[in-house]
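Student: Predicted model and sequence below, questions to follow.
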Amino acid sequence: MITWTYDKTFEGLLTLVFDCYQKKVFPNRIVGTDSPQLSLFQSDYEVFTDEQMAKRVWDGLHRRVSAMACQMLYYAFLSEAVDVEIMILNYMRKAFASEASIELNFGDRDVLELLKLDKKVGREAERVRMFVRFQKAKDDTYYASFDPKYNVLPLVVKHFENRFADQKWIIYDTRRNYGFYYDLQVSSEFKLVDGLVDSATGLLNGSIMDAEEQLFQDMWKSYFRSLCIKERINPRLHVQLLPKRFWKYLIEKQA
């Protein structure tokens with residue numbers, strides 16, 4: 001059993017693929033350098049991310065499969081599924097070895113499983129775009145928390161840059177404890193200071209919340225209740241369209 005470790009970034013994984021071909025060795029297990037699995041499996045080799053090596057692999061893959069197939073691999077990587085790195089490595093090996101594109105070979109287990117992950121991550125990203133609710137802080141920055149099943153934050157930042165280009169905002173993934181801050185020019189990754197946000201509800205601490213924010217939240221709840229037609233409520237469909245894991249961050253769902 002050959003175990004390789006890397007820094008859990010997509011560029012790191014692409015560097016790992018480069019090292020595999022350079023060393024002519026292909027691992028059976030790929031884990032993060034901080035993974036608890038390392039207590040059970042000793043690392044045989046640690047990969048250090050190299051952007052030039054990663055770019056060479058990425059450019060080479062684009063010559064073997066379509067841009068859509070490359071995007072599928074990135075989306076699948078963001079799923080953080082068990083052994084997704086091995087599936088991606090296997091996919092790339094087959095793509096580089098085949099004369100024809102493998103992306104429509106759904107009889108191949110790796111191709112099919114990666115496609116399934118791609119679709120799941122894409123759906124989760126769309127839900128985040130729809131269900132994010134912003135709160136206004138005293139410094140005129142708008143803040144929103146969410147708790148996605150997959151690591152979709154990198155997929156939605158561009159949407160909010162375009163949609164809210166005229167205001168500063170923070171979008172935060174509470175499950176993975178990181179977010180992006182948009183300063184009207186660029187978005188930068190950062191981590192919040194403890195105590196500024198209620199981890200259970202995603203609500204801003206009263207000390208940093210804008211004075212009128214609570215009023216607007218109350219108005220939004222009232223508006224939401226006035227639109228609700230009790231006779232037409234369909235709980236099963238409602239949960240299907242709006243998964244419960246998003247409810248704690250929706251103002252209209254708060255008591």
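Tutor: In hand now; what should we look at?
Student: ok, and the closest non-adjacent residue to Leu192?
Tutor: The shortest distance from Leu192 to any non-neighbouring residue, by C-beta to C-beta, 6 or more residues apart in numbering, is to Tyr172 (6.2 Å). (Each C-beta comes from the backbone N, C-alpha and C, glycine too.)
Student: And the one you found, how far from Gly179?
Tutor: Per C-beta to C-beta, to the nearest Å, Tyr172 is found 3 Å from Gly179.
Student: go on, Asp118?
Tutor: Applying C-beta to C-beta, the value for Asp118 to Gly179 is 24 Å.
Student: Neighbour count: these two, which is higher?
Tutor: Gly179 (24 against 21; other C-beta atoms under 10 Å).
Student: Look at the more buried one and tell me its secondary structure.
Tutor: Under DSSP: H, G, I helix; E, B strand; the rest coil, Gly179 falls in the strand class.
Student: That one reaches Leu196, doesn't it?
Tutor: No: here Gly179 lies out of contact with Leu196, judged by C-beta atoms under 8 Å, at a distance of 11.6 Å.
Student: residue contacts, Ala76?
Tutor: Residues counted as contacts of Ala76 (C-beta atoms under 8 Å, 6 or more residues apart in numbering) are 84, 87-88, 114, 117-118, 121.
Student: Neighbours of Leu215, how many?
Tutor: Other residues lying near Leu215 total 10 when counted by other C-beta under 10 Å.
Student: Can you classify it by secondary structure?
Tutor: helix.
Student: now it: how far from Ser222?
Tutor: 11 Å.
Student: Equivalent analysis for Leu196, please.
Tutor: With the distance defined as C-beta to C-beta, Leu196 ends up 27 Å from Ser222.
Student: One more: Asp210?
Tutor: 19 Å.
Student: ok, now Asp44?
Tutor: Taking C-beta to C-beta, one finds Asp44 at 61 Å from Ser222.
Student: How about Arg133?
Tutor: For Arg133, the distance to Ser222 - C-beta to C-beta - is 15 Å.
Student: Which residues are in contact with each of Tyr172 and Gly179?
Tutor: By C-beta under 8 Å, 6+ apart, Tyr172 and Gly179 have these common neighbours: Leu192.
Student: Gly60 reaches Ala54, doesn't it?
Tutor: No: if you go by C-beta under 8 Å, Gly60 and Ala54 don't touch, sitting 10.8 Å apart.
Student: the more surrounded of these two?
Tutor: Using other C-beta under 10 Å, the more surrounded residue of Gly60 and Ala54 is Ala54, with 20 against 16.
Student: and that one, what is it in contact with?
Tutor: By C-beta under 8 Å, 6+ apart, the neighbours of Ala54 are 10-12, 14-15, 18.
Student: So for it, what's the pLDDT?
Tutor: Note on Ala54: pLDDT of 98.
Student: Is it in a helix, a strand, or coil?
Tutor: Judged by three-state DSSP, the three-state class of Ala54 is helix.
Student: Ok, Trp4 next?
Tutor: The three-state label given to Trp4 by three-state DSSP is strand.
Student: what's the neighbour count on it?
Tutor: When counting by other C-beta under 10 Å, one arrives at 22 neighbours for Trp4.
Student: Then Leu14?
Tutor: Leu14: 27 neighbours (other C-beta under 10 Å).
Student: Does anything pack onto the one helix or strand it maps to? Which helices or strands?
Tutor: Here Leu14, judged by DSSP states H and E, is contained in helix 10-23. Under the contact criterion of 3 or more C-beta pairs under 8 Å, 6 or more residues apart in numbering; DSSP states H and E, helix 10-23 touches strand 3-6, helix 51-62, helix 67-78, helix 84-97.
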